[in-house]
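> Please find the sequence and the predicted model below.
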2 protein chains.
Amino acid sequence: MTQPARKPSRIQIENRQRIRDAALGLFATHGFRGTTLDQIAGACGMHKPNLIYYYDSKEAIHIDLLNTLMTEWLSPLDAMDPEGDPLEEILEYIRKKMEMSRLYPRESRLFANEIVQGAPRMLPHLERTLKPLFDQQCKILEDWMAAGKLARMHPAHLIFSIWAVTQHYADFEAQIAVLLPGQDRFADGADQFVETMFRKLLTP
Amino acid sequence: MTQPARKPSRIQIENRQRIRDAALGLFATHGFRGTTLDQIAGACGMHKPNLIYYYDSKEAIHIDLLNTLMTEWLSPLDAMDPEGDPLEEILEYIRKKMEMSRLYPRESRLFANEIVQGAPRMLPHLERTLKPLFDQQCKILEDWMAAGKLARMHPAHLIFSIWAVTQHYADFEAQIAVLLPGQDRFADGADQFVETMFRKLLTP
DNA sequence: CACAGATTTTACCAATTGGTAAAGTTACGA
DNA sequence: TCGTAACTTTACCAATTGGTAAAATCTGTG
């Protein structure tokens, strides 16, 4: 499966990174089929066959991106502490998600693309990795609500709404840019709005 | 621009509709470049050159879909009445948006695809059609807040959050299906959660 | 029915695209 | 510094794809 085998050389590490970086932006905006190997090659100053030297196929690049995405993407959710202050734990999670939309919009859009298209290459990942984590966090939320520390609501839909609102700023950036022109979409009040919104929702 | 010219015959009307219906589903899930004319032809039981008989090009089909989408998509937003009860007007808008996610997920995903990819064919539409309507609705919201009928908040971000949460159920359906398996994603409590969420947020 | 125009089908084409073969070049340890 | 393995480049290919030409067929109307 992996191609040149054993110890990746310095050049291999660097060039694979260059390829991933170029491919990430292209896949995120044009989708998998909308991106050509020539585009990726051009974006990272390499020749097409050189890509295939580092990755078996175009699909292999995509899969590699989705794999690394999956782990890094979920880390903030994993960090919620059942022993911490419920409201602050959730608000901190929301802050991290907003920061990710600001710093890594390409990753957010890559994920959005994959899910909108029915998650053809991610369904197993979602089942094996996301689902258990999701269930676990739902349980934590339920316990907090049962203890009266949070307003009662459907925990799954709460998580969905957090994902929806925070990722919207990355995924629908083009639309927001039209509707709030000239403004910094984040500095402008998005963070404050989102924090206020969920604080109001969650306070018992 | 338009091809066969004057009065569209019965057959033309029917077949264009068949083409649009097939293309909508395919564009929504595979994106523009990820969809082939052969796929569209196969999905509506026609031959490829027959599509070109009714539409000048693949792009013409896509543009036609986006045009009709744009008008139908915005109609619920347009229906908000400045004279009505603020909370009920907004909640009714939210209900309509949830219903649209339930009834027309393909349209929602087509729109999402287009925006995630930077709205290459919709930017003018967004500027000319959506922006004025958006500004007008923001003004209405501001007036309601100034009159103390709604909690004070940034009206633009309020609208974004409504769009984000309601469209999430259509656009991320594949993810939700994994996380809430076997359940009807809408009947299960999405509507109730969303209504409660925004009622709590908006109540002064 | 007859027939003109509308519609459908078959055969085809040029460009693009993912990928390969193999020759050339570079980096690096002995 | 020399040789070999790692890396890069050039040329190429088969399949796919958007689209065309034109023959075949169908439809509605006088």
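All right, it came through fine.
> Quick check: chain neighbours aside, which residue is closest to A:Glu142?
A:Pro155 (5.4 Å; C-beta to C-beta, 6 or more residues apart in numbering or on different chains). Backbone N, C-alpha and C define where each C-beta goes, glycine included.
> What's the local residue count around the one you found?
When neighbours are counted by other C-beta atoms under 10 Å in any protein chain shown, A:Pro155 registers 21.
> Might you report the residue contacts of it?
A:137-138, A:141-142, A:145 (C-beta atoms under 8 Å, 6 or more residues apart in numbering or on different chains).
> Include neighbour count, distance to A:Tyr93 and secondary structure when you put these into JSON lines, please.
JSON lines is the format used below for the contacts of A:Pro155 (neighbours: other C-beta atoms under 10 Å in any protein chain shown; distance: C-beta to C-beta, whole Å; DSSP: H, G, I helix; E, B strand; the rest coil):
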{"residue": "A:Gln137", "neighbour count": "20", "distance to A:Tyr93": "9", "secondary structure": "helix"}
{"residue": "A:Cys138", "neighbour count": "17", "distance to A:Tyr93": "13", "secondary structure": "helix"}
{"residue": "A:Leu141", "neighbour count": "23", "distance to A:Tyr93": "11", "secondary structure": "helix"}
{"residue": "A:Glu142", "neighbour count": "15", "distance to A:Tyr93": "16", "secondary structure": "helix"}
{"residue": "A:Met145", "neighbour count": "19", "distance to A:Tyr93": "16", "secondary structure": "helix"}
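> Which one of those is nearest to chain B?
Closest approach to chain B among those (C-beta to the nearest C-beta): A:Cys138, at 8.9 Å.
> okay, the spatially closest residue to the closest one that is not a sequence neighbour: pLDDT?
Nearest residue to A:Cys138 in three dimensions, chain neighbours excluded: A:Pro155, at 4.3 Å (C-beta to C-beta, 6+ apart). On pLDDT, A:Pro155 comes in at 97.
> any idea how far A:Pro155 is from B:Ala23?
Distance, A:Pro155 to B:Ala23, by C-beta to C-beta, to the nearest Å: 38 Å.
> Same check on A:Glu83?
For A:Glu83, the distance to B:Ala23 - C-beta to C-beta - is 53 Å.
> Which of those two has more residues huddled nearby?
Remark: of A:Glu83 and B:Ala23, B:Ala23 carries more neighbours, 26 against 6, as counted by other C-beta under 10 Å.
> Next up, the contacts around that one.
Contacts of B:Ala23 (C-beta under 8 Å, 6+ apart): B:35, B:40, B:43, B:61-62, B:65.
> surely A:Glu173 meets A:Pro105?
Yes - assessed by C-beta atoms under 8 Å, A:Glu173 is found in contact with A:Pro105 at 6.1 Å.
> tell me the contacts of the residue lying closest to A:Asp21 once chain neighbours are set aside?
Computed as C-beta to C-beta, 6+ apart, the closest residue to A:Asp21 that is not its neighbour in sequence is A:Cys44, at 6.9 Å. Listed by C-beta under 8 Å, 6+ apart, the contact set of A:Cys44 reads A:18-19, A:21-22.
> Check A:Phe198 too.
A:90-91, A:94, A:162.
> Buried subset of those residues, written for PyMOL?
PyMOL command restricting those to the buried ones, with burial defined by 16 or more other C-beta atoms under 10 Å in any protein chain shown:
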select buried, chain A and resi 90+91+94+162
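> Which one of the contacts of A:Phe198 is nearest to chain B?
A:Ile162 (9.6 Å).
> Quickly find the element holding that closest one.
Taking DSSP states H and E as the criterion, A:Ile162 maps to helix A:155-171.
> chain center to that helix: distance?
11 Å (C-alpha atoms, centre = their mean, to the nearest Å).
> Equivalent analysis for stretch A:82-89, please.
Centroid separation for stretch A:82-89 versus its chain: 23 Å, with C-alpha atoms, centre = their mean.
> Would you mark the buried spots in that stretch?
Those buried within stretch A:82-89 under the rule 16+ other C-beta under 10 Å are A:86-87, A:89.
> quick one: low-confidence parts of chain A?
Scanning chain A for pLDDT under 70 picks out A:1-6, A:184-187.
> now the helices: where do they sit in it?
A:10-30, A:37-43, A:48-54, A:58-78, A:86-103, A:105-116, A:123-125, A:131-146, A:155-171, A:173-179, A:190-202 (DSSP state H).
> Out of the ones you listed, flag the one nearest B:Ser57.
Relative to B:Ser57, the nearest member of the helices of chain A by C-beta to C-beta is helix A:10-30, separated by 18.7 Å.
> one step back: quick one: buried residues of the helix holding A:Ile162?
Those would be A:155-171, for helix A:155-171 by 16+ other C-beta under 10 Å.
> Domains in chain A, by residue range?
A:10-56, A:66-202 (automatic domain parsing).
> okay, the ones you listed in a markdown table with distance to B:Ala28 next?
What follows is the domains of chain A, written out as a markdown table (distance: least, C-beta to C-beta, whole Å):
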| stretch | distance to B:Ala28 |
| --- | --- |
| domain A:10-56 | 12 |
| domain A:66-202 | 8 |
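> out of these, nearest to DNA strand D?
The closest of the domains of chain A to DNA strand D is domain A:10-56. By C-beta to the nearest atom of the strand, the value is 3.6 Å.
> Does that closest one reach DNA strand D?
Yes - applying C-beta under 7 Å from any atom of the strand, one finds domain A:10-56 touching DNA strand D at A:11-12, A:15, A:46-50, A:53-54.
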